[in-house]
Structures are given as C-alpha cells and as structure tokens.
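> With the sequence up front, the predicted model follows.
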Amino acid sequence: MKSPKEKIFTPYQIFVIAMLAFLQFSVILDFMVLAPLGVILMKTLSIPPSKFSMVVSAYAFAAGASSLLAAGFADRFDRKKLLMFFYSGFILGTALCGLAPDFNTLLIARIITGIFGGVIGSIGFAIITDLFKMEVRGRVMGFVQMSFAASQVLGIPIGLLLANRFGWHSCFWMIAGLGSVAGVVMFIYLKPVTGHLQYRSDTHPLRHLLRTVSKPEYAFAFLTMTLLASAGFMLMPFGSAFTTHNLGLSIDQLPMMYLITGIFSIALGPIAGKLSDKIGKYKLFVYGTIVAMITVGIYTQLGVTPFWLACIFSVAVFASFTARMIPASALMTAIPSPEDRGAFMSVNAAVMQSSGGLFSVLAGMIVTQSSSGMIEHYDILGYTVIGLMGLMTVMMYRINSTINKRHLQRSSTDPISGEEAAIEMEIATGGEY
C-alpha cells in the first residue's frame, strides 16, 4: 500500500495531465461552442436545423477520416511531434472559422479544423496509456475529461458573451489565441514520448491499420464506442435552441446556466475518476447510465421551465454523461497491446467521431423547428438516446468481462507477472473478480 505521504503523481506527470487537459479543453470547446451558438448561427446565417447539423457533422466526419488515416502511422513517431503537428493545424482551422463570412465558408473551415483536431484526443489517450499505470488511469481520465466541464465554465459563457457583444466569429478567435499560447508551452516543456518505439516493427502503415481494425477484440470495442458519442452528438447541437424556445429561458440566461452546469461538472469529474479506480470502472459506468437514462427521459419532454429547475436537469444530464465517459475511456486503454496503442486510439477516435457525425445528422432528421422557433420531436430524440445507451451498457459488459478474463489468464500462466496482473485486474474491477 502507498503511505499517506506518498505522492500519486510526479511534478512532471502533473504537468502532462494539465497539458493534456488543456488541449482537450480547447478541442472540446471548439466543438461545444457550436451548441450555444446554434440559436445565433441559425438566425444570423438563415439556416434550418438540418443545415446547422451539417456544420456539426462536417467536423465529426473530417475528424473521423483523419483519425483513421493517421492510425497506421500513430505508433511510428514520437507522440510529441505528432501532437504538435496536428494541434498546429487545429489552431489554423479554428482561425479560419473566425474569418468565415457565410455558411459555405464556415462548413469548409469546420472540415479543416476536424481534419487536425480529430487526431489530438487519440494521441493524448495514447500518451496517458504510455505514461500512467492502469491503477491511476481513472484519476487521470477524470482530470483530463474535466476539461469537458471547464469548457462550459470558462469557455462557453465567455464565448456567448463575446458572441452577443462582438459577433460569433470572436468565439473562434478566443480559442485560436489561447491554443497558440498552449502550443508554445507544449513545445518548450513537453518531453518526447518514445517508449512505444521499442515495439516498432517494419510493418507497412496500411498493414498496421488493417491488422488493428481486423482484430475481433478491437473491432468489438470500436463498435461499442460508436454508441458513446450518440448522446452528446444527438442532444447538444440543439440544446441552446431547445432551452430558449421550449424551456422558455432567454438567451441572456444561457451563459449562467452553462456556468452552473460546468462548475458542478468540474467538481464531479475528478470524483468520478477516483470512484472508477475504487469501486470498478464498469460498475460506475452502469450507475452513470441509469441516471442518464432517467434524466434524459425527463429533460427532453419538459415545457416552459423555471430557471432553477432547468439548471438542475442540465447538471444531472452532464454529470451522468461524465460518469459514463470517464470509466468507459479508462476501460478502453486496457484493450490494446503496447505496439498497437496509437493505432487503436486513432481508430477508436475515428469511429467515435464519424459515428458522432452520423448521430448528429440523424438528430437533424428527427427534430424540426416550428415557425415560432420551437424544437419539435425532442422527446423522440430522447427515447432514441436512451435505447442506444442501454445497448452500449450490454456491449460494455462484454468488454469488461474480456479484460477480466485476460488478466486471470495472465495471472495463471505467467508466474512472474501474475501477481502484478491480478492486482491490475482488481483495480480495474473494483475488487470483484
């Protein structure tokens, strides 16, 4: 056991966690800022919900395609160099969004941003898997995924204020400016991440990609993770329009609601990460899914609602999503072998982002907007999300069982590393095996 005074992370590891969290913050903010800007963009650019969903899905499709193409090369280079290359492209794409004068230009800019931004998360997860043991990955994921909430607390309210005062372009300039500073810090202080290169083979990148996607264990994991993106990509693009037109909140109240939601989500992120390491990652995922099903089922059927009650439901929805995302992401890191980590994470990001684009398009086909601005059929969207979450829970059970079985086999066949494997499995499952 660790002594009470023993530190879990070294100072450099803390820096890496903070750096990865900020990169995730900027990338997530770049996507999430479209949700509160939805009501502004649809009015300013005179576009219907179906066209707005294209702006959202264009990023996702481009991100998915680039992640898939990068998978064959992901384990052949220093991860820091890859991260710098793709983050620089992401900043450039975001700046182009800040220059876009119309719908078509914005659509092209979102595609460029997605091509580079879509790979960043997978590289970050590969770095986490390289530098941190399974014992603490739930905590690491908790802090990194906390950026999801931080993008609301710091980014979305500020973005809305900027949009209301200086126009929607200013939101993207804010992201590009902050990202440029972070890129310089990363270039100076982040050390090369090359440990995975000792497993490097002379396999052609295309064969490496095909080998990764063809492994049955990996393929089922990819299929499962496609459903993890469904809730966010289906509900959030129309969240601001639903909140203002259906729940009756004003556009000026949106920043405060997102701020309150983000504060609670920031606090719950690290707690969820710690709980996933303590009680078991799959168990926490199930608890989060149950709460998410209940809250989504109620929230998507609400009519005119008081501000305080809308905030409660918003907090509950985002908190339950966090309680699903963190343990699911941590479990995924236990699946690939060391020589496949970069490729696995890239393909995983590709399928999640591509499926996110499909789910966004599907959401645009389900909901409609009346002449008064009301978002119709949002309840049907909620039922669809609930069904997909239930299906993913069953599939995640199989993945968790596969991980447990693998560690049991290691502990019984490898007397040298068996104790370590058993301990790792106990940590992953919360002691229930």
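Sure, I can see it. Keep in mind that this is a model prediction, so the values were computed, not measured.

> For the rest of this, base every contact and every neighbour count on C-alpha atoms.
Fine.

> quick one: low-confidence ranges for the stretch 301-433 of the chain?
353, 356-357, 407-433 (pLDDT under 70).

> Identify the residue nearest Phe172 in space, chain neighbours excluded?
Gly98 (5.1 Å; C-alpha to C-alpha, 6 or more residues apart in numbering).

> make that Met396, sorry
Among residues not flanking Met396 along the chain, Thr224 sits closest, at 6.8 Å (C-alpha to C-alpha, 6+ apart).

> which secondary structure element contains the one you found?
For Thr224, the host element (DSSP states H and E) is helix 216-226.

> Check which helices and strands that helix sits against.
helix 341-366, helix 378-413 (3 or more C-alpha pairs under 8 Å, 6 or more residues apart in numbering; DSSP states H and E).

> Report the buried residues of the first one.
So the one you mean is helix 341-366. Neighbour counts over helix 341-366 (16 or more other C-alpha atoms under 10 Å) mark 341-364, 366 as buried.

> go on, stretch 86-105?
86-100, 103.

> Can you lay out the helices and strands packed on helix 216-226 as TSV showing distance to Ala176?
Formatted as TSV, the helices and strands packed on helix 216-226 follow (distance: least, C-alpha to C-alpha, whole Å):
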stretch	distance to Ala176
helix 341-366	21
helix 378-413	32
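
> what's the closest of those helices to Leu34?
helix 341-366 (12.5 Å; C-alpha to C-alpha).

> Output the contacting helices and strands for the closest one.
Against helix 341-366 (3+ C-alpha pairs under 8 Å, 6+ apart) you get helix 49-71, helix 103-131, helix 205-214, helix 216-226, helix 230-235, helix 378-413.

> got the contact list for Ala241?
Pro36, Gly38, Val39, Gly373, Met374, Ile375 (C-alpha atoms under 8 Å, 6 or more residues apart in numbering).

> Flag the shaky bits of the stretch 101-250 of the chain, pLDDT-wise.
134, 148-149, 152-156, 196-205.

> how does it look with 80?
118, 121-122, 125, 129-130, 133-139, 141-162, 164, 194-213, 228-233, 236-240 (pLDDT under 80).

> Excluding chain neighbours, give the residue nearest to Phe307 in space.
That would be Leu249: by C-alpha to C-alpha, 6+ apart, it lies 6.8 Å from Phe307.

> Tell me the secondary structure at the one you found.
Under DSSP: H, G, I helix; E, B strand; the rest coil, the three-state class of Leu249 is coil.

> For it, give me its contacts.
Thr243, Thr305, Pro306, Phe307.

> and the gap between it and Ile271?
30 Å (C-alpha to C-alpha, to the nearest Å).

> do Ala330 as well
For Ala330, the distance to Ile271 - C-alpha to C-alpha - is 14 Å.

> more crowded one of these two?
Each of Ala330 and Ile271 has its neighbours counted (other C-alpha atoms under 10 Å); Ala330 has more, 27 against 16.

> pretty sure the more buried one contacts Glu135?
No: Ala330 sits out of contact with Glu135 when judged by C-alpha atoms under 8 Å, with a separation of 10.2 Å.

> Just the CA atoms of whichever strand or helix holds Thr244, as CSV, please.
Taking DSSP H and E as the criterion, the element that holds Thr244 is helix 239-245. Extracted in CSV, the C-alpha atoms of helix 239-245 (Å, rounded to 0.1, in the frame of the first residue of the first chain):
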residue,chain,number,x,y,z
GLY,A,239,-29.5,22.2,-26.7
SER,A,240,-29.5,26.0,-26.8
ALA,A,241,-32.4,26.3,-29.2
PHE,A,242,-34.4,23.8,-27.0
THR,A,243,-33.5,25.7,-23.9
THR,A,244,-34.6,29.1,-25.2
HIS,A,245,-37.6,28.2,-27.3
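
> for the residue nearest to Gly373 when sequence neighbours are not counted, what are its contacts?
Sequence neighbours aside, His245 is the residue nearest to Gly373 in space, at 5.9 Å (criterion: C-alpha to C-alpha, 6+ apart). Listed by C-alpha under 8 Å, 6+ apart, the contact set of His245 reads Gly373, Met374, Ile375.

> you'd agree the last one is up against Val367?
Yes: using C-alpha under 8 Å, Ile375 and Val367 qualify as a contacting pair, with a distance of 6.5 Å.

> I'd like to know which of the buried residues of stretch 86-105 is nearest to Tyr299.
Phe103 (30.5 Å).

> ok, now how distant is that closest one from Val39?
Distance from Phe103 to Val39, by C-alpha to C-alpha: 14 Å.

> what's the answer for Arg79, then?
Taken as C-alpha to C-alpha, the span from Arg79 to Val39 is 38 Å.

> same check, this time on Gln369
If you go by C-alpha to C-alpha, the gap between Gln369 and Val39 works out to 11 Å.

> same check, this time on Ser66
Distance from Ser66 to Val39, by C-alpha to C-alpha: 29 Å.

> Torsion angles phi and psi at Thr194?
phi -130, psi 10 (degrees, to the nearest 10).

> is it true that it touches Asp78?
Yes: at 5.1 Å, Thr194 counts as touching Asp78 under the criterion of C-alpha under 8 Å.

> before we move on, back to that, go through the contacts of His245 and flag which are in strands.
Judged by DSSP state E, the contacts of His245 include Ile375 as members of strands.

> Most neighbours among the contacts of His245, please name it.
Ile375 (21 neighbours).

> Test of understanding: give the bridge partners of it.
Gln369 (DSSP bridges).

> how about it, what does it touch?
Ala241, Phe242, His245, Asn246, Val367, Thr368, Gln369.

> The fifth one contacts Tyr378, correct?
Yes: counting by C-alpha under 8 Å, Val367 touches Tyr378, with 6.0 Å between them.
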